[in-house]
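Student: Based on what follows, work out the 3D shape:
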Amino acid sequence: MLEKFLTKTSFESQADFIANFKINVPENFNYGYDVVDAWAAEAPGKRALCWTNDRGEHIDFSFADMKASSDRTASWFQSLGIGKGDMVMLILKRRYEFWYAVIALHKLGAIVIPATHLLTKKDIVYRARAAGIKAIVCVGEELILKHVVDALSESPSVERLISVGPLVPEGFDDFHKGIREAAPFVRPEQVNTNDDTSLMYFTSGTSGDPKMVIHDFTYPLGHIVTASFWHNLHPDSLHLTIADTGWGKAVWGKLYGQWIAGATVFVYDHEKFRPADMLRMIQDYRITSLCAPPTIFRFLIREDLTGFDLSSLKYCTIAGEALNPAVFESFHKLTGIKLMEGFGQTETTLTICTLPWSEPKPGSMGLPNPQYDVDLLRPDGSRAEDGEQGQIVIRTKNSKPLGLFKSYYRDPERTREVWNSGIYYTGDVAWRDEDGYYWFVGRADDVIKSSGYRIGPFEVESALMTHPAVVECAVTGVPDEIRGQIVKATIVLAKEYADQAGDALIREIQEHVKQVTAPYKYPRIIEFVSELPKTISGKIRRVEIREKDDRNV
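Tutor: Model prediction:
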């Protein structure tokens, strides 16, 4: 399959990759027809999806199964009046029906809006009204159904509610009954152009209302690098990305690039994350490749890994938040596997990454993906030198890179704020070393200015995470009359340290940070909390901590 889209499919070095990597984009590319159906024709029995859940159910889906099921789903959606350009929100957790629905909607030229099951009535109303959502497909569980029903009266654009079960209450169409009884699918004459919108995500909203990020039909091709080179997948790989289907990470790691690479996607549908259960999945199903955020790896290394046979696991990647070097070192010591970091946003595909031919530097995001013209800019717009902090930007003067978003839907002003004069501003601050590796500092709004120093929250958090008492932490700036700002650490303690919370432990942690990093970066204020404020996607809301501190000043 890769040969259809790449001029060259294997590389020996970053220089080779930069010089020779090129994606050939077909006219009117459609992932449903050009990848899923193409695999069904070429290798119908090849396993596409290995799905299991925490109740012991297990189903293997071939590409022929995926074609047949997505065709039936597309036909049934057509009968409900869903077609080209229609907005359809999917609240499907890790249910296998997600894959049926996404592919079907692509085949119809409709617009997929993945969403988390954690949305409340207010969240659903906001999304439905902001995007003009026509249909909602959801898991038939009481709380999810309640939120959807409660939102309906304030969501005038929504015409259809669809449940995949187990509950299918009055007012909802029955997904499985519908696809069982669907007529044979007839492909529409004009499905899409490459510029049409196929996918929309509501960003997690660490500040303000979520933005509506829209991608075109070529977006899946942007994830060739994600799967074939960062995840290092091939047709014999069994890949697990730990993510709910409501997050962008799901299409990064559970769909697009993985199937272009010919790998099998592994899905564990579970209600509560338990590290031991995930390790058992890796052991029992012989998973070869794993991708997860640093938080997951922090939990995994706290388990007794000697109790699991992880010999099948050959490659691990990490993204979603910056990687603390201590997690890298601990995982490598326990497994012999080096974590290969990557960076990207909802607005992009993989932008900076550590690829198989590059030696990872613990804590570094890696090197730019040649799909993107990546640089660092100072606040005045000039180019930052090596070793100097700057905002990560993508230059787009020559052309829009494959995988970069089209715009923020219905919000040209917000789009112009971040993308103007041929430059997309990510809002993330980093520095670049002499080898070209990028090192994350923090969001531009999160950088702390204290006594003339610019302090990145991540570097202090990395130092804090090397203390055994610290499970999670968030570093923010607190206003100070003398220094401008001082560093504050909000910390969740390990259970065994919970009863030690007090001045002695604060001093111990402060001294520890002074030893690990530059002494001026140590947190002058430490607050112990039971949990950190987070978005519904699990990202820490430092803005909420700052706002609380500002109110208390």
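
Student: going forward, measure contacts and count neighbours with C-alpha atoms only.
Tutor: OK.

Student: Could you list the low-pLDDT ranges of the stretch 201-350 of the chain?
Tutor: Flagging of the stretch 201-350 of the chain using pLDDT under 70 yields the residue ranges 204-208.

Student: And the helices in it, which stretches?
Tutor: Applying DSSP state H, counting those that start in this stretch to the stretch 201-350 of the chain gives helices spanning 224, 248-253, 256-260, 275-285, 294-300, 325-335.

Student: okay, these, which one's buried deepest?
Tutor: helix 256-260 (a mean of 27; mean count of other Cα atoms under 10 Å).

Student: which outside residues touch it?
Tutor: Helix 256-260 has contacts (Cα atoms under 8 Å, 6 or more residues apart in numbering) with 1-2, 31, 35-36, 48, 220-228, 233, 239, 264-265.

Student: Among those, name the ones in strands.
Tutor: By the criterion of DSSP state E, membership of the contacts of helix 256-260 in strands covers 48, 239, 264, 265.

Student: Most widely separated two among the residues you listed?
Tutor: The span of those, defined through Cα to Cα, is set by 48 and 239 at 10.6 Å.

Student: what's the spacing between stretch 505-517 and its chain's center?
Tutor: Using Cα atoms, centre = their mean, to the nearest Å, the distance from the centre of stretch 505-517 to the centre of the chain it belongs to is 32 Å.

Student: Report the rounded mean pLDDT for it.
Tutor: What stretch 505-517 shows for mean pLDDT is 94.

Student: same question, stretch 8-26
Tutor: Rounded mean pLDDT across stretch 8-26 is 96.

Student: following the strand or helix carrying residue 488, which helix or strand comes up?
Tutor: Residue 488 is part of strand 484-493 when elements are defined by DSSP states H and E. Using DSSP H and E, the helix or strand that follows strand 484-493 in sequence is helix 503-516.

Student: In PDB, list the C-alpha atoms belonging to that following helix.
Tutor: Below are the C-alpha coordinates for helix 503-516, written out as PDB (Å, rounded to 0.1, in the frame of the first residue of the first chain):
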ATOM      1  CA  ASP A 503       6.900  22.000  55.500                       C
ATOM      2  CA  ALA A 504       9.600  19.300  55.800                       C
ATOM      3  CA  LEU A 505       8.600  17.600  52.500                       C
ATOM      4  CA  ILE A 506       8.300  21.000  50.800                       C
ATOM      5  CA  ARG A 507      11.900  21.900  51.800                       C
ATOM      6  CA  GLU A 508      13.100  18.500  50.700                       C
ATOM      7  CA  ILE A 509      11.500  18.800  47.300                       C
ATOM      8  CA  GLN A 510      12.800  22.400  46.900                       C
ATOM      9  CA  GLU A 511      16.300  21.200  47.700                       C
ATOM     10  CA  HIS A 512      15.900  18.300  45.300                       C
ATOM     11  CA  VAL A 513      15.000  20.700  42.400                       C
ATOM     12  CA  LYS A 514      18.000  22.900  43.200                       C
ATOM     13  CA  GLN A 515      20.300  19.900  42.800                       C
ATOM     14  CA  VAL A 516      18.600  18.700  39.500                       C
END
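
Student: how about that helix: buried residues?
Tutor: Going by neighbour count (16 or more other Cα atoms under 10 Å), the buried part of helix 503-516 is 506, 509, 510, 512, 513, 514.

Student: From the chain's centroid, how far away is that helix?
Tutor: 33 Å.

Student: need the strands for the stretch 101-250 of the chain, in chain order.
Tutor: 111-114, 135-140, 160-166, 173-174, 197-202, 212-216, 238-241 (DSSP state E, counting those that start in this stretch).

Student: any chance of those in CSV, with mean neighbour count and distance to residue 19 too?
Tutor: Formatted as CSV, the strands of the stretch 101-250 of the chain follow (neighbours: other Cα atoms under 10 Å; distance: least, Cα to Cα, whole Å):
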stretch, mean neighbour count, distance to residue 19
strand 111-114, 26, 34
strand 135-140, 24, 44
strand 160-166, 19, 47
strand 173-174, 18, 51
strand 197-202, 25, 30
strand 212-216, 23, 26
strand 238-241, 26, 28
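
Student: quick one, which of those strands is nearest to residue 41?
Tutor: strand 238-241 (21.1 Å).
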